[in-house]
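Q: Okay, here's the prediction I keep looking at, along with the sequence it came from:
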Amino acid sequence: MKLVVVGAEGRMGRMLIRAVAEAEGCTLHGAIERPGSPALGQDAGRLAGIGDLGVPVSDDPLSRFVAADGVLDFTAPAATVAFAELAAQARIVHVVGTTGLSADDLKRLEAASYHARIVRSGNMSLGVNLLAGLVRKVAATLGEEFDIEVLEMHHRMKVDAPSGTALLLGEAAAEGRRVALAETRVSTRDGHTGARRPGDIGFATLRGGSVVGDHSVIFAGPSERITLSHHAEDRAIFARGAVRAAQWAFDKPPGLYGMDDVLGLRD
Ligand SMILES: NC(=O)C1=CN([C@@H]2O[C@H](COP(=O)(O)OP(=O)(O)OC[C@H]3O[C@@H](n4cnc5c(N)ncnc54)[C@H](OP(=O)(O)O)[C@@H]3O)[C@@H](O)[C@H]2O)C=CC1
Ligand SMILES: O=C(O)C1=N[C@H](C(=O)O)C[C@H](O)C1
(Lines give C-alpha, C1' and ligand atoms only; values in the text may rest on other atoms or scores of the structure.)
(Ligands and ions follow the chains in the order given, each with its own letter.)
Protein backbone atom coordinates (compact mmCIF):
# COMPACT_ATOMS: atom_id res chain seq x y z
CA MET A 1 0.00 0.00 0.00
CA LYS A 2 1.46 3.37 -1.03
CA LEU A 3 1.09 5.82 1.86
CA VAL A 4 1.70 9.56 2.19
CA VAL A 5 2.52 11.13 5.57
CA VAL A 6 1.38 14.74 5.99
CA GLY A 7 2.89 16.88 8.76
CA ALA A 8 6.06 14.85 8.17
CA GLU A 9 8.26 16.91 10.47
CA GLY A 10 5.94 16.72 13.48
CA ARG A 11 6.29 14.45 16.52
CA MET A 12 3.76 12.04 15.02
CA GLY A 13 4.84 12.65 11.40
CA ARG A 14 8.31 11.27 12.08
CA MET A 15 6.82 8.29 13.95
CA LEU A 16 4.47 7.60 11.04
CA ILE A 17 7.35 7.60 8.53
CA ARG A 18 9.09 4.96 10.66
CA ALA A 19 5.91 2.90 11.06
CA VAL A 20 5.26 2.91 7.29
CA ALA A 21 8.87 1.90 6.56
CA GLU A 22 8.56 -1.00 9.04
CA ALA A 23 5.11 -2.23 7.95
CA GLU A 24 4.94 -5.23 5.67
CA GLY A 25 3.28 -4.44 2.33
CA CYS A 26 3.56 -0.64 2.78
CA THR A 27 5.82 1.90 1.09
CA LEU A 28 6.26 5.58 1.78
CA HIS A 29 4.96 7.33 -1.34
CA GLY A 30 5.20 10.90 -0.12
CA ALA A 31 5.94 13.16 2.83
CA ILE A 32 4.29 16.58 3.05
CA GLU A 33 4.99 19.68 5.09
CA ARG A 34 3.60 23.18 4.83
CA PRO A 35 5.10 25.71 2.38
CA GLY A 36 8.15 27.39 3.92
CA SER A 37 8.95 24.50 6.25
CA PRO A 38 12.70 23.98 6.72
CA ALA A 39 12.07 20.24 6.16
CA LEU A 40 11.17 20.76 2.46
CA GLY A 41 13.56 18.85 0.17
CA GLN A 42 15.02 16.77 3.01
CA ASP A 43 14.77 12.99 2.76
CA ALA A 44 11.79 11.78 4.83
CA GLY A 45 13.68 8.74 6.15
CA ARG A 46 16.57 10.89 7.31
CA LEU A 47 14.08 13.28 8.95
CA ALA A 48 12.64 10.29 10.85
CA GLY A 49 16.12 9.08 11.87
CA ILE A 50 16.07 5.85 9.84
CA GLY A 51 18.35 6.72 6.90
CA ASP A 52 17.45 7.72 3.35
CA LEU A 53 14.20 6.37 1.85
CA GLY A 54 14.48 8.29 -1.43
CA VAL A 55 11.36 10.35 -0.62
CA PRO A 56 11.96 14.12 -0.41
CA VAL A 57 9.59 16.19 1.76
CA SER A 58 7.31 18.25 -0.50
CA ASP A 59 4.66 20.98 -0.09
CA ASP A 60 2.49 19.71 -2.96
CA PRO A 61 0.02 17.19 -1.43
CA LEU A 62 -2.22 16.58 -4.48
CA SER A 63 0.70 15.53 -6.71
CA ARG A 64 1.52 12.81 -4.15
CA PHE A 65 -2.10 11.84 -3.35
CA VAL A 66 -3.10 11.11 -6.97
CA ALA A 67 -0.90 8.00 -7.25
CA ALA A 68 -1.15 6.94 -3.58
CA ASP A 69 -3.51 4.54 -1.76
CA GLY A 70 -3.75 6.45 1.49
CA VAL A 71 -2.70 9.42 3.60
CA LEU A 72 -1.80 9.41 7.31
CA ASP A 73 -2.71 12.76 8.84
CA PHE A 74 -1.75 13.88 12.36
CA THR A 75 -1.50 17.63 11.78
CA ALA A 76 -3.88 20.45 12.80
CA PRO A 77 -7.64 20.94 12.23
CA ALA A 78 -7.46 23.42 9.32
CA ALA A 79 -4.86 21.29 7.54
CA THR A 80 -6.87 18.10 8.06
CA VAL A 81 -10.02 19.60 6.56
CA ALA A 82 -8.03 20.72 3.50
CA PHE A 83 -6.34 17.30 3.18
CA ALA A 84 -9.75 15.59 3.44
CA GLU A 85 -10.95 17.47 0.37
CA LEU A 86 -7.81 16.48 -1.58
CA ALA A 87 -8.00 12.84 -0.41
CA ALA A 88 -11.63 12.72 -1.55
CA GLN A 89 -10.65 14.09 -4.98
CA ALA A 90 -7.95 11.41 -5.25
CA ARG A 91 -10.38 8.73 -3.88
CA ILE A 92 -7.81 7.48 -1.37
CA VAL A 93 -7.93 6.35 2.27
CA HIS A 94 -7.56 9.20 4.78
CA VAL A 95 -6.50 8.25 8.32
CA VAL A 96 -7.16 11.20 10.64
CA GLY A 97 -5.45 11.31 14.04
CA THR A 98 -5.68 15.10 14.38
CA THR A 99 -7.57 16.23 17.49
CA GLY A 100 -9.23 19.51 18.42
CA LEU A 101 -11.59 19.43 15.40
CA SER A 102 -14.66 21.70 15.67
CA ALA A 103 -18.23 20.61 14.90
CA ASP A 104 -17.89 22.40 11.55
CA ASP A 105 -14.61 20.58 10.77
CA LEU A 106 -16.34 17.27 11.54
CA LYS A 107 -19.17 18.15 9.14
CA ARG A 108 -16.62 18.79 6.40
CA LEU A 109 -14.95 15.42 7.06
CA GLU A 110 -18.35 13.78 6.85
CA ALA A 111 -18.93 15.45 3.46
CA ALA A 112 -15.51 14.24 2.23
CA SER A 113 -16.35 10.70 3.35
CA TYR A 114 -18.97 10.41 0.57
CA HIS A 115 -15.97 9.91 -1.73
CA ALA A 116 -13.10 8.89 0.55
CA ARG A 117 -12.65 6.17 3.13
CA ILE A 118 -11.89 8.14 6.30
CA VAL A 119 -10.82 6.49 9.55
CA ARG A 120 -10.82 9.03 12.39
CA SER A 121 -10.04 8.49 16.06
CA GLY A 122 -8.79 10.66 18.90
CA ASN A 123 -6.55 7.73 19.79
CA MET A 124 -5.26 5.04 17.44
CA SER A 125 -3.88 2.69 20.12
CA LEU A 126 -5.35 -0.72 20.85
CA GLY A 127 -5.24 -0.06 24.62
CA VAL A 128 -7.33 3.12 24.60
CA ASN A 129 -9.95 1.64 22.29
CA LEU A 130 -10.27 -1.40 24.57
CA LEU A 131 -10.50 0.96 27.54
CA ALA A 132 -13.36 2.84 25.85
CA GLY A 133 -15.34 -0.42 25.69
CA LEU A 134 -14.75 -0.99 29.41
CA VAL A 135 -15.77 2.58 30.26
CA ARG A 136 -19.01 2.15 28.27
CA LYS A 137 -19.79 -1.06 30.13
CA VAL A 138 -19.02 0.32 33.62
CA ALA A 139 -21.02 3.50 32.92
CA ALA A 140 -23.98 1.40 31.76
CA THR A 141 -23.80 -0.70 34.93
CA LEU A 142 -23.43 2.03 37.55
CA GLY A 143 -26.13 4.57 38.34
CA GLU A 144 -25.90 8.34 38.70
CA GLU A 145 -24.71 7.96 42.31
CA PHE A 146 -21.32 7.33 40.69
CA ASP A 147 -19.85 10.62 39.42
CA ILE A 148 -17.76 10.30 36.24
CA GLU A 149 -14.56 12.35 35.88
CA VAL A 150 -12.04 12.06 33.03
CA LEU A 151 -8.47 13.08 33.86
CA GLU A 152 -5.73 13.49 31.26
CA MET A 153 -2.09 14.57 31.22
CA HIS A 154 0.05 15.37 28.17
CA HIS A 155 3.40 16.95 27.28
CA ARG A 156 3.83 20.72 27.49
CA MET A 157 3.59 21.21 23.68
CA LYS A 158 0.01 19.94 23.31
CA VAL A 159 -2.27 22.69 21.99
CA ASP A 160 -5.83 21.33 22.45
CA ALA A 161 -7.83 20.43 25.56
CA PRO A 162 -9.48 18.24 26.63
CA SER A 163 -7.48 15.72 24.59
CA GLY A 164 -9.15 13.80 21.77
CA THR A 165 -8.78 10.67 23.88
CA ALA A 166 -10.44 12.27 26.91
CA LEU A 167 -13.40 13.22 24.70
CA LEU A 168 -13.51 9.71 23.19
CA LEU A 169 -13.62 8.23 26.71
CA GLY A 170 -16.23 10.82 27.78
CA GLU A 171 -18.35 9.83 24.76
CA ALA A 172 -18.03 6.18 25.75
CA ALA A 173 -19.20 7.00 29.29
CA ALA A 174 -22.10 9.07 27.95
CA GLU A 175 -23.13 6.29 25.56
CA GLY A 176 -23.05 3.79 28.45
CA ARG A 177 -25.31 6.09 30.46
CA ARG A 178 -27.49 6.84 27.44
CA VAL A 179 -27.02 10.60 27.74
CA ALA A 180 -25.62 13.20 25.33
CA LEU A 181 -22.07 14.30 26.21
CA ALA A 182 -22.82 17.81 24.90
CA GLU A 183 -25.45 18.19 27.64
CA THR A 184 -23.43 16.70 30.51
CA ARG A 185 -19.88 17.83 29.74
CA VAL A 186 -18.06 20.10 32.23
CA SER A 187 -14.59 20.98 30.97
CA THR A 188 -13.61 23.86 33.28
CA ARG A 189 -14.09 24.60 36.98
CA ASP A 190 -12.81 27.76 38.62
CA GLY A 191 -14.01 29.90 41.51
CA HIS A 192 -17.30 29.30 43.34
CA THR A 193 -18.70 26.54 41.13
CA GLY A 194 -21.47 25.32 43.40
CA ALA A 195 -21.99 21.63 44.10
CA ARG A 196 -21.48 19.08 41.35
CA ARG A 197 -24.61 18.62 39.21
CA PRO A 198 -25.75 14.95 39.29
CA GLY A 199 -25.03 13.23 35.97
CA ASP A 200 -22.33 15.63 34.81
CA ILE A 201 -19.27 14.16 33.13
CA GLY A 202 -16.24 16.21 34.20
CA PHE A 203 -12.91 16.71 32.45
CA ALA A 204 -9.62 17.76 34.04
CA THR A 205 -6.50 18.61 32.04
CA LEU A 206 -2.85 18.55 33.11
CA ARG A 207 0.05 19.68 30.88
CA GLY A 208 3.75 19.30 31.52
CA GLY A 209 7.07 17.76 30.59
CA SER A 210 7.26 15.02 27.99
CA VAL A 211 4.22 12.91 28.97
CA VAL A 212 3.10 10.96 25.87
CA GLY A 213 -0.49 10.55 27.09
CA ASP A 214 -2.09 9.47 30.40
CA HIS A 215 -5.85 9.03 30.76
CA SER A 216 -8.03 7.93 33.67
CA VAL A 217 -11.78 7.63 33.98
CA ILE A 218 -12.85 7.82 37.61
CA PHE A 219 -16.23 6.55 38.80
CA ALA A 220 -16.59 8.13 42.25
CA GLY A 221 -19.46 6.68 44.26
CA PRO A 222 -20.62 6.54 47.86
CA SER A 223 -17.65 5.19 49.85
CA GLU A 224 -15.89 3.61 46.85
CA ARG A 225 -14.13 4.64 43.63
CA ILE A 226 -13.29 2.78 40.43
CA THR A 227 -10.46 4.09 38.22
CA LEU A 228 -9.81 2.82 34.69
CA SER A 229 -6.51 4.06 33.22
CA HIS A 230 -4.26 3.95 30.18
CA HIS A 231 -0.67 5.17 30.00
CA ALA A 232 0.94 5.62 26.58
CA GLU A 233 4.71 5.13 26.82
CA ASP A 234 5.70 5.51 23.16
CA ARG A 235 4.07 7.36 20.23
CA ALA A 236 4.81 4.27 18.11
CA ILE A 237 1.52 2.75 19.38
CA PHE A 238 -0.46 5.52 17.64
CA ALA A 239 1.60 5.30 14.44
CA ARG A 240 1.25 1.52 14.18
CA GLY A 241 -2.51 1.89 14.78
CA ALA A 242 -2.72 4.45 11.96
CA VAL A 243 -0.96 2.13 9.49
CA ARG A 244 -3.25 -0.70 10.55
CA ALA A 245 -6.27 1.57 9.98
CA ALA A 246 -5.08 2.43 6.45
CA GLN A 247 -4.57 -1.25 5.60
CA TRP A 248 -8.01 -2.13 7.00
CA ALA A 249 -9.75 0.65 5.00
CA PHE A 250 -8.03 -0.24 1.71
CA ASP A 251 -10.92 -2.39 0.38
CA LYS A 252 -13.80 -0.71 2.22
CA PRO A 253 -16.48 1.47 0.57
CA PRO A 254 -16.37 5.26 1.10
CA GLY A 255 -17.49 6.25 4.59
CA LEU A 256 -16.46 7.55 7.98
CA TYR A 257 -15.02 4.82 10.20
CA GLY A 258 -13.52 4.62 13.70
CA MET A 259 -10.81 2.53 15.33
CA ASP A 260 -13.52 0.32 16.84
CA ASP A 261 -14.37 -0.71 13.24
CA VAL A 262 -10.70 -1.35 12.47
CA LEU A 263 -10.11 -3.37 15.64
CA GLY A 264 -13.44 -5.21 15.45
CA LEU A 265 -14.53 -3.80 18.83
CA ARG A 266 -17.99 -2.52 17.85
CA ASP A 267 -20.75 -4.33 19.84
N1 LIG B 1 -5.23 10.08 17.32
C2 LIG B 1 -4.08 9.74 17.90
O3 LIG B 1 -3.82 8.55 18.20
C4 LIG B 1 -3.07 10.81 18.16
C5 LIG B 1 -3.35 12.09 17.80
N6 LIG B 1 -2.41 13.07 17.92
C7 LIG B 1 -2.77 14.38 17.39
O8 LIG B 1 -2.03 14.59 16.20
C9 LIG B 1 -1.84 15.98 16.01
C10 LIG B 1 -0.36 16.28 15.81
O11 LIG B 1 0.34 16.00 16.99
P12 LIG B 1 1.93 16.20 17.06
O13 LIG B 1 2.61 15.36 16.03
O14 LIG B 1 2.30 16.03 18.48
O15 LIG B 1 2.05 17.74 16.67
P16 LIG B 1 3.23 18.50 15.92
O17 LIG B 1 2.95 19.95 16.07
O18 LIG B 1 4.55 17.96 16.37
O19 LIG B 1 3.04 18.06 14.39
C20 LIG B 1 2.08 18.57 13.49
C21 LIG B 1 2.78 18.74 12.17
O22 LIG B 1 1.82 19.07 11.16
C23 LIG B 1 2.35 20.15 10.41
N24 LIG B 1 1.32 20.89 9.71
C25 LIG B 1 0.41 21.74 10.22
N26 LIG B 1 -0.33 22.27 9.24
C27 LIG B 1 0.14 21.75 8.07
C28 LIG B 1 -0.20 21.91 6.70
N29 LIG B 1 -1.18 22.74 6.32
N30 LIG B 1 0.48 21.22 5.77
C31 LIG B 1 1.46 20.38 6.13
N32 LIG B 1 1.86 20.19 7.42
C33 LIG B 1 1.19 20.87 8.37
C34 LIG B 1 3.08 21.00 11.44
O35 LIG B 1 3.93 21.92 10.83
P36 LIG B 1 4.23 23.33 11.61
O37 LIG B 1 5.01 22.93 12.83
O38 LIG B 1 5.00 24.10 10.60
O39 LIG B 1 2.90 23.92 11.94
C40 LIG B 1 3.81 19.90 12.21
O41 LIG B 1 5.00 19.50 11.58
C42 LIG B 1 -2.46 16.66 17.23
O43 LIG B 1 -3.77 17.06 16.91
C44 LIG B 1 -2.47 15.54 18.28
O45 LIG B 1 -3.42 15.72 19.27
C46 LIG B 1 -1.19 12.82 18.45
C47 LIG B 1 -0.85 11.56 18.85
C48 LIG B 1 -1.78 10.44 18.76
O1 LIG C 1 -1.19 15.47 21.27
C2 LIG C 1 -0.80 14.35 21.68
O3 LIG C 1 0.38 14.13 21.97
C4 LIG C 1 -1.79 13.27 21.76
N5 LIG C 1 -2.98 13.52 21.29
C6 LIG C 1 -4.07 12.61 21.26
C7 LIG C 1 -5.19 13.17 22.09
O8 LIG C 1 -5.51 14.36 21.99
O9 LIG C 1 -5.81 12.40 22.85
C10 LIG C 1 -3.69 11.19 21.55
C11 LIG C 1 -2.57 11.00 22.51
O12 LIG C 1 -3.06 11.03 23.80
C13 LIG C 1 -1.40 11.96 22.29
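A: Arrived safely. Residues are numbered from 1 along each chain as shown. Ligands and ions are numbered 1, 2, ... in the order given.
Q: Show me which residues of this protein are close to ligand 1?
A: 6-7, 9-13, 32-34, 37, 74-76, 79, 97-100, 121-124, 164, 238 (CB under 6 Å from any ligand atom). No exception for glycine: its C-beta is placed from N, CA and C like everyone else's.
Q: Among those residues, which lie within helices?
A: Residues of the residues of the chain next to ligand 1 located in helices (DSSP state H): 11-13, 79, 164, 238.
Q: one step back: in PyMOL, how would I select just the buried ones from the residues of the chain next to ligand 1?
A: Of these, the buried ones can be selected in PyMOL as follows, counting by 16 or more other CB atoms under 10 Å:
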select buried, resi 6+7+9+10+12+13+32+33+74+75+76+79+97+98+99+100+121+122+123+124+164+238
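Q: before we move on, back to that, list, out of the ones in helices among the residues of the chain next to ligand 1, those positioned next to ligand 2.
A: Restricting these to those within reach of ligand 2 (CB under 6 Å from any ligand atom) leaves G164.
Q: I'd like the ones in helices among the residues of the chain next to ligand 1 laid out as JSON lines, including pLDDT.
A: Formatted as JSON lines, those follow (pLDDT from 0 to 100):
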{"residue": "R11", "pLDDT": "98"}
{"residue": "M12", "pLDDT": "98"}
{"residue": "G13", "pLDDT": "98"}
{"residue": "A79", "pLDDT": "98"}
{"residue": "G164", "pLDDT": "98"}
{"residue": "F238", "pLDDT": "98"}
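Q: Which one of the ones in helices among the residues of the chain next to ligand 1 is nearest to ligand 2?
A: Among these, G164 lies closest to ligand 2 (CB to the nearest ligand atom), at 3.5 Å.
Q: how near is the closest one to T99?
A: 3 Å (CB to CB, to the nearest Å).
Q: what is in contact with the two at once?
A: Shared contacts of G164 and T99 (CB atoms under 8 Å, 6 or more residues apart in numbering): G122.
Q: Would you confirm that T165 contacts L131?
A: No: applying CB atoms under 8 Å, one finds T165 not in contact with L131, separated by 9.0 Å.
Q: The stretch 51-200 of the chain: helices as residue ranges?
A: Taking DSSP state H, counting those that start in this stretch as the test, the helices found in the stretch 51-200 of the chain are 61-65, 77-90, 103-112, 126-141, 164-177, 181-184.
Q: how far out from the middle of the chain is the longest one?
A: Same thing as helix 126-141. Distance of helix 126-141 from its chain centroid, counting by CA atoms, centre = their mean, to the nearest Å, is 17 Å.
Q: same thing with the second one?
A: For helix 77-90, the distance between its averaged C-alpha position and the chain's averaged C-alpha position is 16 Å (CA atoms, centre = their mean).
Q: Ok, the first one next?
A: Using CA atoms, centre = their mean, the mean C-alpha position of helix 61-65 is found 22 Å from that of the whole chain.
Q: Tell me who's in contact with the residue in the chain sticking out farthest from the centre.
A: What lies farthest from the middle of the chain is S223; by CA atoms, centre = their mean that is 35.0 Å. With contact taken as CB under 8 Å, 6+ apart, S223 is in contact with no other residue.
Q: try the one 10 residues further on
A: Taking CB under 8 Å, 6+ apart as the definition of contact, the neighbours of E233 are V212.
Q: Now it. Its backbone dihedrals?
A: Dihedral angles of E233 (phi, psi; degrees, to the nearest 10) stand at phi -110, psi -20.
Q: what's the distance between it and G127?
A: 10 Å.
Q: Please report how far the closest residue to R34 other than its chain neighbours lies from R266.
A: Leaving out its chain neighbours, the residue that sits closest to R34 by CB to CB, 6 or more residues apart in numbering is D59, at 6.4 Å. To R266, D59 is 38 Å away according to CB to CB.
Q: So these two - more neighbours on which side?
A: D59 (14 against 11; other CB atoms under 10 Å).
Q: ok, that one touching P38?
A: No: using CB under 8 Å, D59 is not in contact with P38; the gap is 11.6 Å.
Q: what is the orientation angle of the helix or strand encompassing D214 with helix 164-177?
A: Per DSSP states H and E: D214 is located in strand 213-221. Counting by axes from the mean of the first three to the mean of the last three CA atoms, to 10 degrees, strand 213-221 points 30 degrees away from the direction of helix 164-177.
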